[in-house]
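Q: give the three-dimensional model of this entry:
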Amino acid sequence: MHDVSGWLPIPLALLLVLGWYLSFSASRLDRLHHRVESSRAALDTQLVRRAAAAIEAAQVLDPSSGLLLADAAAEAMAAGEGDDSRLDDSTMDRPLGREEAENELSRALHAALDDADHVARLRSEALAADALDVLRQACERVQLARRFHNDAVAQAQRVRRKRVVRWAWLAGRARMPEMFEIDDSIPGGLVR
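A: Residues are numbered from 1 along each chain as shown. This is a model prediction of the structure:
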């Protein structure tokens, strides 16, 4: 007759280690998802600030550039409020996504403010200089916030791709976090 009680602690220990590892992995994944959500909220805040600063800066530009910049900034703000609730005028049936609206704002910023000589002339007025400084700071903060967000997304994606996370279904029904890809370069006239 074999003594089975001597072997019982080994499978029990393996189950405890496996349970601890799964719990640790699930907690880590949860923290990463919270980090992604927090960084996305911070990015959204900075994008709204950039759009608001662009609207303020549009007032000191020539009327045509100012109108284009203000329109692009308003579109970006609207896209941020409803995320894909706005319509693109060129198709009238395709929603203009947040990333595309932010890219349009970046293109408008570059069109209006890439010329360093033009921006230097604008800076001769105190009100214009203040508005352009606020816009430059907002653009820099968008770059940083997007970088932090995309780093958090990359870490969460890396963990979600692990076999144990997929096999044990530790992510549940949570969507895979996505990078936020936009042109966040600062127009040449605003670069220090």
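Q: okay, now M179: neighbour count?
A: Number of residues near M179 (other Cβ atoms under 10 Å) recorded here: 14. Any C-beta I mention is one placed from the backbone N, CA and C, and that applies to glycine too.
Q: hmm, I typed the wrong one, I wanted A58.
A: A58 has 25 nearby residues by other Cβ under 10 Å.
Q: CA atoms of the strand or helix carrying E104 as PDB?
A: In the assignment (DSSP states H and E), E104 maps to helix 98-113. Coordinates of the C-alpha atoms in helix 98-113 are reproduced here as PDB (Å, rounded to 0.1, in the frame of the first residue of the first chain):
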ATOM      1  CA  ARG A  98     -10.200  62.500 -32.600                       C
ATOM      2  CA  GLU A  99      -6.800  61.700 -34.000                       C
ATOM      3  CA  GLU A 100      -7.700  63.100 -37.400                       C
ATOM      4  CA  ALA A 101      -9.100  66.300 -35.900                       C
ATOM      5  CA  GLU A 102      -5.900  66.700 -33.800                       C
ATOM      6  CA  ASN A 103      -3.800  66.100 -37.000                       C
ATOM      7  CA  GLU A 104      -5.900  68.800 -38.800                       C
ATOM      8  CA  LEU A 105      -5.100  71.200 -35.900                       C
ATOM      9  CA  SER A 106      -1.400  70.400 -36.200                       C
ATOM     10  CA  ARG A 107      -1.500  71.100 -39.900                       C
ATOM     11  CA  ALA A 108      -3.300  74.400 -39.300                       C
ATOM     12  CA  LEU A 109      -0.700  75.300 -36.600                       C
ATOM     13  CA  HIS A 110       2.100  74.600 -39.000                       C
ATOM     14  CA  ALA A 111       0.500  76.500 -41.900                       C
ATOM     15  CA  ALA A 112       0.000  79.500 -39.700                       C
ATOM     16  CA  LEU A 113       3.100  79.500 -37.500                       C
END
